[in-house]
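1. Pasting the sequence and the predicted coordinates here, then a few questions.
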Amino acid sequence: MKGRTHMPESPFSRRNMLFGAAGVSAAAFLTSCTSNDDSDDDSDSQQQQANVSEDKPGKPVTIGFAGPEADHGWLNAINDNARSRAEKYEDVTLDITEGSNDTATQIGQVDSLINKKVDVLVILPADGKAMTQAGLKAMEAGIPVVNLDRIFANPQAYRCWIGGDNYGMGLNAGRFIGEQLKGKQNAKVVELAGLDNLELTQQRTKGFDDALKNYPNIEKVARQAAEFTVESGQRKMSDLLQAVPEFDAMWNHDDDQGVGVKRAIDQSGRDEFIMVGGAGSKAVMDSIKADDSVIKATVLYPPSMAASAIDLARALGQQKGVSGMAEFEIPASITLYSAVVSKDNINQYLPTGFN
Amino acid sequence: MAPTSDTPPTPATPLLTMTGITKSFPGVRALDGVDLDVVAGEVHCLLGQNGAGKSTLIKVLAGAHQPDEGTIVWQGQETALKSPVAAMRLGISTIYQELDLVRHVSVAENVFLGHERSSGGFIKAREAHTAAQDLLGRLGHPEISAATIVGDLSAAGQQVVSMARALSHDVKLIVMDEPSAALDPDEVDNLFRIVADLTAQGVAVVYISHRLEEIRRIGDRVTVLKDGRAVARGLPAQSTSTNEIVTLMTGRNVAHVFPERPEAPGAGKEPVLTLEGLARQGEFAPVDLQVAPGEIVGLAGLVGSGRSEILETVFGARKPTAGRVLVGGRPLRPGSVTAAVKAGIGLAPEERKAQALLMTESVSRNVSISSLPRFSTGGWLDRSGERSAARAAVRDLSLRPDNPDALVRTLSGGNQQKAVLARWLLRDCRVLLLDEPTRGVDVGARAELYALIRRLADEGVAVLLVSSELPEVLGLADRVLVLREGQVVHTAPARDLDEHRVLDLVMEGTP
Amino acid sequence: MLSKSDSLPAPAPEKPQGNGTAARWQSYVDLRLVALLGVLGVLAVVGAVTKPDQFLDVDNVRLILVQSSAIGVVTIGMTLVIIGGGIDLSVGAIVALASVWATTQATQDYGLAGMLFCSVAVGVGCGLVNGVLIAFGNLVPFIATLAMLASARGFAEQMSDGGTQIVEVDAVLDLMAADSRILGVPPLVLIFLGVAALGWLVLNRTTFGRRTVAVGGNPEAARLAGIDIKRQRLLLYVVSGLCCGIAAFMLIALSGSGQNTNGNLYELDAIAAAIIGGTLLSGGRGTITGSVLGVLVFTTITNLFALNNVQSAVQDIAKGAIIVAAVLIQHQTSRKSSTQ
């Protein structure tokens, strides 16, 4: 999983984070014995999981949180998740820095958190590799680090890594489409990727292709790459629709560019196919619930991983393990599951959709 | 100063013999069987109006153009000058009119540009510096440091660098294209001294100039070009009469170069241009001047005496530190060209190509550019009105070709100047500022320009004239202001002055 | 050593030769455009051979035109700025800011007219700031517009919280509907053609255009001819900003949303289109027709690649090669025509 979610610092870096995978259930898993089963019908499951977590106030813990500039919906959601999670615990004080996309600034912020002697650090680096030294320094100062999503270059720089799974996103999107098209002969699929020069885009495509290999009746007939922007989504999707006069399903890597994709589809008047999104935005989830368009599902890369990171940090601060596991210690790394959200489970996930 | 001998040297073997050189360009036969022979140690002057083929001939000589026909014999051997590098290898160096120096690097780097002193790809800076300094000394300019950035040097200094570059090759023939055009009288003297030194060392010089008096001073022999042919070859420079040379160049006899002066121009008329204590700190002291319609006032002085600066300040291109300019009794907003143009002032600047003309545009567009509002309603251009007005102005000034669609860059210097004048004519300007109006204009066209300027004055325009050429100021102006180091040292009617007197005033106090 | 143009003959002033030269000049300009049309023709042939069904489709032609429209409008403004001797690196960022501002909930409440006004006003405002900084602050255009690029994008990001603002005004969304087409031409394409026609008129038929060419070709000569070059420069950036505002509104209609990533890298696309259209980067020369063709060449290339399912990396390489090829062809034809 090393480097899987590393993102270079660039205008696009935050986009890497757009793609969510299954954080909600992971949070539940960490903090309670509650099953992570998607079929859990309890619409208030999140709440419930939160309460189950080590429950009564314990030793007070101060958690330092350093993230990138919250200049994007997904990152906003990360901050919100971290904040509201921390507020739920009487014993947790959250020291959250002003977000920055500048590595030097972020290193300075981590330094000051170290100097303040916080008990645990949660770091979502602007650039994982570049921030490795800051993580090492904290660890050497005896402050356990929870590395969120964009991974450090050196495992010694964190106590625990938690993040999404790009390959898994592709895999699950492919499986969902495969199951939907089961039995259909010569089914055609198209793929609209995100920024093609990012590793995570390649991982997603790899997962998607690997999944489709299990369905010999399906052929991927076209793939184009947009740039995670609405404008490019609209443009590239228009091209794709023109290039492939008829197909059965498509996967769009990113719900954000998906706004443009949907616009292009509406403009073409085409509806012979089903579409699967990526990341899990509120808009896409609303469409899935309404079931009035080609959008039938989306694969998650959920910002709730920030809430889980707070849980992990609190547990580290109180020197507790994860209940529900035999080990005394918290795992060194946790890769989240990229759940597929479809009409069947939309109610459960709807509150997690981000703007 | 220069070897003056009425019998030009004619050794058995000329250094260079060009025979029957022909060169055509699309639509133009630039050279039509030109012969030229140059012997070692002579100054061979090349005369001709613009367009006569001088530039093409020296480009052939420099290896930049390949002739269509004709032979070139160099030191007794027939040769082809296939490229500028080939010409340089033979020992032919050319100093172009527009100095081709790299402004932002040092003198030494310019001198050895293209043939750097180097070993193994590394430039031997110190050696180049020493060698360049030697050359500068040889040229009589040891005070120029080889480390100076070329852009910081004066025009004359840059010319010395160009010459040093020419000499940095093992040179036998130097071609100088109007080398004195950008120089002041004392700098010209130095140039001539260098030329004399070179010829004394056996180097031949092909010298191109419009100034007949220069040719008298340093020339040995003269070849006159007209319409791509050599109409006279090897005339003795000292003894051929001016009238003969002018007749050869123009095909007509130019008896009176300057137009007749009216008795009392502007007398009794309200001055249209008034300078009240106009001054710019460090450039020129307060000037008071009134110019009436119909009057031509000349400013005489050396470069740096403040004459061009006064002109540009009147025009608003520079902001005065004191005083003001009035046109028709109304003060102008200081430092605003737009205000000056609105008030009816026009400027024909010294650097026509750089400061006045849109070289890639047509004559018509160049002429109309200052009068666009006249040809537009609500910003939309009346293009046929524009063209016919331009055509009328072109005809009026007998600008050739009389086609308003011709591109300005294809025009000769004199006709380019006419285009600039036409611009202000069209603008109905009341005050015309002329800075070096005949620079780069050949002899035949000059007379025409002089007549034109006088005609404009007669029609009621007030003219303020700056020129480095004293005869021009004295011959054309009604009144002359003599400037020295930013001070007006004398004002007098032009008829009461002569060159000698003005030079005394200009040089007074300088050794 | 020879810095002057050698290919030009010494003029013979006594002979009326201007007619021929002017005609040659005319044909030179035309030939550049012909070369571009040739490139478009080659692309069309490639498209027709590789994807006959999809490429030669009316829908596809419409698609290419629609995709050219927003960047096309920006390119018109950029062309005028470049001809005037400047450069505007902030076009993409202005498009982003205008599209975000015009899609805020508060603006959307005013409907289509309000959004259009807002978009154009933001564009003009940014252009005005650029123009004032450059004309009166004496900042180099590269620096001034670079600063605008950074701050406008930042402002757009802040205003939208980095999110996508969905448009809910039907009148705007309907601009892309099939029944909004006039004689089969989508409104966006009509706007593009309208702006291009206006740009052509401004450049060729107005004092503003004439002065633009003069200021770009020889600023000193323009100044000494009495042209207010500061005002001219200021207005050029305002025009560019105006084009950005219009383009932003077009993008809003196209994508049904406003986002701070809109207009990403438009500055480079617009400059490239203008250059291959024959606009001199140093100013003083350029044509609107060339720029329009330049935009069409780019969009057609992208379209062609998408139809043939070529991947991004290959697309980028081929695009670069085609730019070089187009410019080389132009050089060749222009040289040939100038020595005929």
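-> That came in fine, so what should we check first? Numbers count the residues shown, from 1 in each chain, chains lettered A, B, ... in the order given.
2. C-alpha from now on. contacts and neighbour counts both.
-> Fine.
3. Chain C contacts on chain A?
-> For chain A, the residues found near chain C under the criterion C-alpha under 8 Å from any C-alpha of the partner chain are A:70-73, A:196, A:222-225, A:229-231, A:234-236, A:238-240, A:242-245, A:256, A:259-260, A:263-264, A:267, A:355.
4. Any chance of a PyMOL selection covering the buried ones in those?
-> Only the buried members of those end up in this PyMOL selection, burial being decided by 16 or more other C-alpha atoms under 10 Å in any protein chain shown:
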select buried, chain A and resi 70+71+72+73+196+222+223+224+225+229+230+231+234+235+236+238+239+240+242+243+244+256+259+260+263+264+267+355
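5. so of the residues of chain A next to chain C, which ones are in helices?
-> A:73, A:230-231, A:234-236, A:238-240, A:242-243, A:256, A:259-260, A:263-264, A:267 (DSSP state H).
6. among these, which are within reach of chain B?
-> Restricting those to those near chain B - C-alpha under 8 Å from any C-alpha - leaves none.
7. Against B:N415, how distant is whichever residue of the stretch 401-511 of chain B sits closest to chain C?
-> Nearest residue of the stretch 401-511 of chain B to chain C: B:A406, at 4.1 Å (C-alpha to the nearest C-alpha). Applying C-alpha to C-alpha, to the nearest Å, the value for B:A406 to B:N415 is 11 Å.
8. Please apply the same query to C:V91.
-> In terms of C-alpha to C-alpha, C:V91 sits 43 Å off from B:N415.
9. same deal with C:V202?
-> Distance of C:V202 to B:N415, given as C-alpha to C-alpha: 30 Å.
10. The residue of the stretch 401-511 of chain B closest to chain C touches B:S362, doesn't it?
-> Yes. Contact status for B:A406 versus B:S362: in contact at 5.3 Å, counting by C-alpha atoms under 8 Å.
11. Pick out whichever of those two has more residues nearby.
-> More neighbours surround B:A406 than the other of B:A406 and B:S362, with 26 against 22 (other C-alpha atoms under 10 Å in any protein chain shown).
12. So what does that one have for phi and psi?
-> When read as degrees, to the nearest 10, the backbone of B:A406 gives phi -60, psi 140.
13. cool, the one 5 residues further on as well?
-> When quoted as degrees, to the nearest 10, the phi and psi of B:L411 stand at phi -90, psi 150.
14. What is the burial count for it?
-> 27.
15. Let me see the ranges of the helices in chain A.
-> Under DSSP H, chain A gives helices at A:13-16, A:23-31, A:45-52, A:73-88, A:103-115, A:132-140, A:166-180, A:199-212, A:230-243, A:255-268, A:282-290, A:305-317, A:346-349.
16. Look up the pLDDT of A:A222 for me, please.
-> pLDDT recorded at A:A222 is 95.
17. my bad, should have said C:V215
-> Predicted confidence (pLDDT) for C:V215: 94.
18. Any regions of chain B where pLDDT drops low?
-> Applying pLDDT under 70 to chain B flags residues B:1-12, B:26-28, B:50-51, B:98-99, B:182, B:210, B:250-256, B:507-511.
19. I'd like the next helix or strand past the helix or strand where B:G234 lies.
-> Element membership for B:G234 (DSSP states H and E) is strand B:229-236. Heading C-terminal from strand B:229-236, the first helix or strand you meet, by DSSP H and E, is helix B:242-250.
20. Now do that following helix against strand B:229-236, angle only.
-> Going by axes from the mean of the first three to the mean of the last three C-alpha atoms, to 10 degrees, helix B:242-250 is angled at 160 degrees with respect to strand B:229-236.
21. and helix B:242-250, which residues are buried?
-> Neighbour count says helix B:242-250 has B:245-246, B:248-250 buried, by 16+ other C-alpha under 10 Å.
22. I'd like the helices of chain A as TSV, with mean pLDDT appended.
-> Shown next, in TSV, are the helices of chain A (pLDDT from 0 to 100):
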stretch	mean pLDDT
helix A:13-16	38
helix A:23-31	42
helix A:45-52	39
helix A:73-88	86
helix A:103-115	91
helix A:132-140	93
helix A:166-180	95
helix A:199-212	93
helix A:230-243	93
helix A:255-268	92
helix A:282-290	91
helix A:305-317	92
helix A:346-349	92
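23. Let's have the ones you listed in CSV, adding distance to B:P84.
-> Formatted as CSV, those follow (distance: least, C-alpha to C-alpha, whole Å):
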stretch, distance to B:P84
helix A:13-16, 55
helix A:23-31, 74
helix A:45-52, 84
helix A:73-88, 65
helix A:103-115, 55
helix A:132-140, 60
helix A:166-180, 64
helix A:199-212, 55
helix A:230-243, 53
helix A:255-268, 59
helix A:282-290, 71
helix A:305-317, 72
helix A:346-349, 78
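24. Nearest to B:A156, out of these?
-> Evaluated over the helices of chain A, closeness to B:A156 peaks at helix A:103-115, with 54.2 Å, by C-alpha to C-alpha.
25. So C:V91 and B:N415 - more neighbours on which side?
-> The neighbour count for C:V91 versus B:N415, taken as other C-alpha under 10 Å, is higher for C:V91 (38 against 24).
26. Now that one. Nearest residue, chain neighbours left out?
-> Nearest non-adjacent residue to C:V91, counting by C-alpha to C-alpha, 6 or more residues apart in numbering or on different chains: C:E267, 5.6 Å away.
27. Which helix or which strand is home to that neighbour?
-> Going by DSSP H and E, C:E267 is in helix C:266-276.
28. can you dump the C-alpha coordinates of that helix into CSV?
-> In CSV, the C-alpha atoms belonging to helix C:266-276 read as follows (Å, rounded to 0.1, in the frame of the first residue of the first chain):
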residue,chain,number,x,y,z
TYR,C,266,-6.8,28.7,-20.8
GLU,C,267,-3.9,31.2,-20.9
LEU,C,268,-1.6,28.7,-22.6
ASP,C,269,-4.3,27.4,-25.0
ALA,C,270,-5.3,30.9,-26.0
ILE,C,271,-1.7,32.0,-26.6
ALA,C,272,-0.9,28.8,-28.6
ALA,C,273,-4.0,29.2,-30.7
ALA,C,274,-3.2,32.9,-31.4
ILE,C,275,0.4,32.1,-32.3
ILE,C,276,-0.4,29.3,-34.7
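29. Mind listing what's buried along it?
-> In terms of neighbour count (16+ other C-alpha under 10 Å), helix C:266-276 has its buried residues at C:266-267, C:269-276.
30. same for it, what does it pack against?
-> Judged by 3 or more C-alpha pairs under 8 Å, 6 or more residues apart in numbering or on different chains; DSSP states H and E, helix C:266-276 is in contact with helix C:58-83, helix C:91-101, helix C:288-307, helix C:312-339.
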